[in-house]
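J.: Below are the sequence and a predicted model for it; my questions follow.
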Amino acid sequence: MRLGTFNLMHGRSLTDGLVETGRIGSAIARLDADVLGLQEVDRAQPRSGHADLARIAAEALGARHAMFAPAVVGTPGETFRPATDADAEGVDPHYGVALISRYEVLDWRITRLPAAPLRAPIMLPGPERMRVMLLDDEPRVLLAAVAATPIGRVTFATTHLSFVPGWNVRQLRIVRRALRTLPAPRILLADLNLPGGLPRLFSGWHRLAAVPTYPAPDPRVQFDHVLADSRGIERLGPVVDVASPAVPFSDHRPLVVTLRGRPQAPADR
């Protein structure tokens, strides 16, 4: 079972500033993930050519089950409003997360996470160096799927937590509570904006890979994580491979974890 998480940065290249859907599709296909969590996903945004990036990713992986969950309607950093569940099929520009699965999805769940009530500094990529800006936070969203896999039902989820210190910890605890209402084992594929071992510390979940993913040209920090709840974790089996390949867009590198998997235990729920 090959699982991945990737902050797309709406598909923009750091070298030429372009968003090319062919380049995005090719890079996603090379990840060859059975389940892929995506963050900073655009749909119908002018800056990304009005493309549906979740659909492009699903087609690249040959996945029949995919869902996009908008966090905002409008364009982050410009004019936007918090998205609602009613906006999921709208035609306005959207920005959020997506979950792509080659396995059959039996149930989808969305949990909305409020934005921090204050501005905070954030590091942004530039053509030559990183720059710091003071930004308003955005609302966030947790997207979860219960899927039928070769090892039985597994809950997969993705989110992109706040960059505001402390607020992201609060959101992570909301995420943990929400996911524990769904079947085990449970796996979170996400950009948590928490470095290294902090997600393990604050959630109690197992960190399945320890690899720097940010900034993409020369990764030094891990913001992108694959975490597993302890309940039912034995069914996932050991980690047999971890990869964080360079791709021609985004300021993050993807993180891909391969698990051996074990047959379903009869009393695991």
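T.: Everything's here; your move. For clarity, every value in this text was computed on a predicted model and none was experimentally measured. Numbers count the residues shown, from 1 in each chain.

J.: Go through the strand or helix carrying residue 54 and flag the buried ones.
T.: Assigned by DSSP states H and E, residue 54 belongs to helix 53-61. For helix 53-61, burial by neighbour count (16 or more other C-beta atoms under 10 Å) applies to 53-54, 56-58, 60-61. The C-beta positions use only the backbone N, C-alpha and C, and glycine is treated the same way.

J.: go on, stretch 192-211?
T.: For stretch 192-211, the neighbour count (16+ other C-beta under 10 Å) marks 192-194, 198-199, 202-203, 205, 207-209, 211 as buried.

J.: as a whole number, average confidence for it?
T.: Mean pLDDT, computed over stretch 192-211, is 97.

J.: got the end-to-end distance for that stretch?
T.: Using C-alpha to C-alpha, to the nearest Å, one end of stretch 192-211 lies 14 Å from the other.

J.: quick one: contacts of it?
T.: Outside stretch 192-211, the residues within contact range by C-beta atoms under 8 Å, 6 or more residues apart in numbering are 159-163, 168-169, 172-173, 175-176, 187-188, 219, 221-230, 233, 239, 242, 244, 255, 257, 259.

J.: for the residue nearest to residue 50 when sequence neighbours are not counted, what are its contacts?
T.: Closest residue to residue 50 in three dimensions, ignoring its sequence neighbours and counting by C-beta to C-beta, 6 or more residues apart in numbering: residue 44, at 5.2 Å. Counting by C-beta under 8 Å, 6+ apart, residue 44 touches 50, 52, 91-94.

J.: returning to that earlier point: buried subset of the contacts of stretch 192-211, written for ChimeraX?
T.: Command for ChimeraX, covering only those of the contacts of stretch 192-211 found buried under the criterion 16+ other C-beta under 10 Å:
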select :159,160,161,162,163,168,169,172,175,176,187,188,219,222,223,224,225,226,227,228,229,233,239,244,255,257,259
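
J.: just to revisit the earlier point, spatially, which two of the buried residues of stretch 192-211 are the most separated?
T.: 202 and 211 (19.3 Å; C-beta to C-beta).

J.: for the chain, longest helix please?
T.: helix 167-179 (DSSP state H).

J.: quick one: low-confidence parts of the chain?
T.: Applying pLDDT under 70 to the chain flags the ranges 119-134, 263-269.

J.: hang on, the earlier thing: taking the contacts of stretch 192-211 one by one, which sit in helices?
T.: Of the contacts of stretch 192-211, the ones assigned to helices by DSSP H are 168-169, 172-173, 175-176.

J.: Just say helix, strand or coil for residue 81.
T.: State at residue 81, reduced to three classes by DSSP: H, G, I helix; E, B strand; the rest coil: strand.

J.: That one is in contact with residue 70, isn't it?
T.: No: contact between residue 81 and residue 70 fails when scored by C-beta atoms under 8 Å: they sit 10.5 Å apart.

J.: Tell me which of those two has more neighbours.
T.: In this view residue 81 and residue 70 are compared by other C-beta atoms under 10 Å, and residue 70 has more residues nearby, 28 against 11.

J.: Quick check: that one vs residue 57, distance?
T.: Distance of residue 70 to residue 57, computed by C-beta to C-beta, to the nearest Å: 15 Å.

J.: Quick one: residues contacting residue 254.
T.: Counting by C-beta under 8 Å, 6+ apart, residue 254 touches 4-6, 31, 213, 224, 244-245, 247.

J.: Most neighbours among those residues, which one?
T.: Neighbour counts for these peak at residue 5, which has 32 neighbours (criterion: other C-beta under 10 Å).

J.: Run a quick check on that residue versus residue 225, I expect a contact.
T.: Yes: using C-beta under 8 Å, residue 5 makes contact with residue 225 at a distance of 7.0 Å.

J.: Now for the two: what residues contact both?
T.: Shared contacts of residue 5 and residue 225 (C-beta under 8 Å, 6+ apart): 189-191, 255.

J.: could you dump these to a markdown table with distance to residue 85?
T.: As requested, these are exported to a markdown table (distance: C-beta to C-beta, whole Å):
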| residue | distance to residue 85 |
| --- | --- |
| 189 | 21 |
| 190 | 20 |
| 191 | 22 |
| 255 | 29 |
